[in-house]
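K.L.:
Could you work out the structure for the sequence below:
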Amino acid sequence: SSAASDVYKRQAIFKRINYFHFNGDISGYPSLLTMHGLIRSGAGNVQANVTMHTDTLTNMHSYSGIIESKELKLGKLLAQEDKLGSAAFNIELKGLKYQNNKPESYIKGVISSLEYNHYEYQNITLDGQYRPGSFNGRLALDDNNGSVHIEGQFNTSQRTPDFNLRAIMRNFRPNALRLTDKYKNTDISLNLTADFSGHSIDDMQGGIRLDSLSVNNPTDNLSYFMPNLTITAGRNGSEKQIKITSPFLHGTVQGNYSYRTVTASIIKTIQRYIPSLLMADNKQVQSNNDFHFDFRMENSDLLSKVIG
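P.N.:
Numbering: from 1, shown residues only. All right, here's what the predicted structure looks like:
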């Protein structure tokens with residue numbers, strides 16, 4: 001049962017943190033409790049000033065308050081020590097927990113440091129409304145190896161997922177941030193606007209606009225700037241359509257196809273006309289695509305510098 005599962009999870013947490021001690025005040029009555037004090041555990045200390053309220057008629061739970069820690073071992077607390085380390089934060093929470101256990105929370109605050117994949121991220125700012133599968137607000141990172149500011153909303157819990165986001169990235173170094181083993185000594189800057197809906201790229205409706213893309217790598221003598229790139233997807237009558245517009249590439253794909261099997265269709269076409277170039281693969285994904293495309297490349301500088 002879910003109740004037994006919850007009990008098991010709590011027991012596992014207490015086993016990992018070794019001990020739990022609270023020093024402070026708890027006042028009120030069962031339906032309205034206020035807790036103010038210091039929580040000490042084997043995973044670190046947390047200063048909490050939180051009020052919890054339960055509506056006796058609807059059994060709806062709400063909470064509000066501020067939690068702060070100078071060093072909380074999240075990896076130990078969540079049993080993810082291979083990826084997560086310690087975190088320092090000061091966060092304001094306002095939440096609402098429904099009877100079906102789906103919480104809604106307003107989160108505002110600063111995570112001054114967070115260890116992830118053996119890198120210590122600095123200055124993460126949160127300000128927004130969170131629900132399972134959705135977020136509406138602002139998220140920012142101001143680190144020595146990159147600045148990222150994201151504002152907008154997404155909702156993946158509704159019947160058709162929806163995304164409306166704006167992002168600004170400056171001097172972002174994915175290798176230094178331990179996000180990838182590639183792109184050593186490379187920094188990226190860009191502006192991104194995304195406004196689309198759909199479960200996957202196959203039923204995507206809307207567009208993504210990228211502008212002021214700058215890629216620099218002094219070690220490899222790489223420097224590239226692209227003013228803009230726009231990708232729009234939707235339907236033209238009964239057919240799918242995707243358009244790409246940029247200074248170096250213009251293209252359109254239209255028809256009835258699946259993005260997952262388009263590559264297989266292209267390989268089949270090449271094998272038909274140049275059989276010696278690609279050997280037949282009996283395990284190739286079967287496809288039933290019917291589409292036409294038109295691409296014009298006006299400047300191959302990006303492909304030659306970034307892709308190689």
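K.L.:
any idea where the strands of the stretch 201-308 of the chain begin and end?
P.N.:
Counting by DSSP state E, counting those that start in this stretch, the segments of the stretch 201-308 of the chain that form strands are 205-217, 222-236, 239-245, 249-256, 290-297.
K.L.:
which residues touch the longest one?
P.N.:
Looking back up the chat, that one is strand 222-236. Residues from elsewhere that reach strand 222-236 (C-beta atoms under 8 Å, 6 or more residues apart in numbering): 186, 196, 198, 201, 204-217, 240-248, 254, 301-302, 305-306. No exception for glycine: its C-beta is placed from N, CA and C like everyone else's.
K.L.:
Could you turn the buried ones of these into a PyMOL selection?
P.N.:
To isolate the buried ones among the contacts of strand 222-236 in PyMOL, judged by 16 or more other C-beta atoms under 10 Å, type:
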select buried, resi 186+196+198+204+206+207+208+209+210+213+215+216+217+240+242+243+246+254+302
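K.L.:
Could you check the strand or helix carrying Leu93 and say which residues are buried?
P.N.:
Element membership of Leu93, judged by DSSP states H and E, is strand 84-97. For strand 84-97, the neighbour count (16+ other C-beta under 10 Å) marks Leu84, Gly85, Ser86, Ala87, Ala88, Phe89, Glu92, Leu93, Gly95, Leu96, Lys97 as buried.
K.L.:
could I get the strands of the stretch 201-308 of the chain as TSV with mean pLDDT and distance to Gly28?
P.N.:
What follows is the strands of the stretch 201-308 of the chain, written out as TSV (pLDDT from 0 to 100; distance: least, C-beta to C-beta, whole Å):
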stretch	mean pLDDT	distance to Gly28
strand 205-217	92	48
strand 222-236	88	53
strand 239-245	87	58
strand 249-256	84	62
strand 290-297	76	65
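K.L.:
Take these and lay them out in a markdown table including distance to Gln122.
P.N.:
Compiled in a markdown table, these are given as follows (distance: least, C-beta to C-beta, whole Å):
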| stretch | distance to Gln122 |
| --- | --- |
| strand 205-217 | 22 |
| strand 222-236 | 26 |
| strand 239-245 | 36 |
| strand 249-256 | 37 |
| strand 290-297 | 41 |
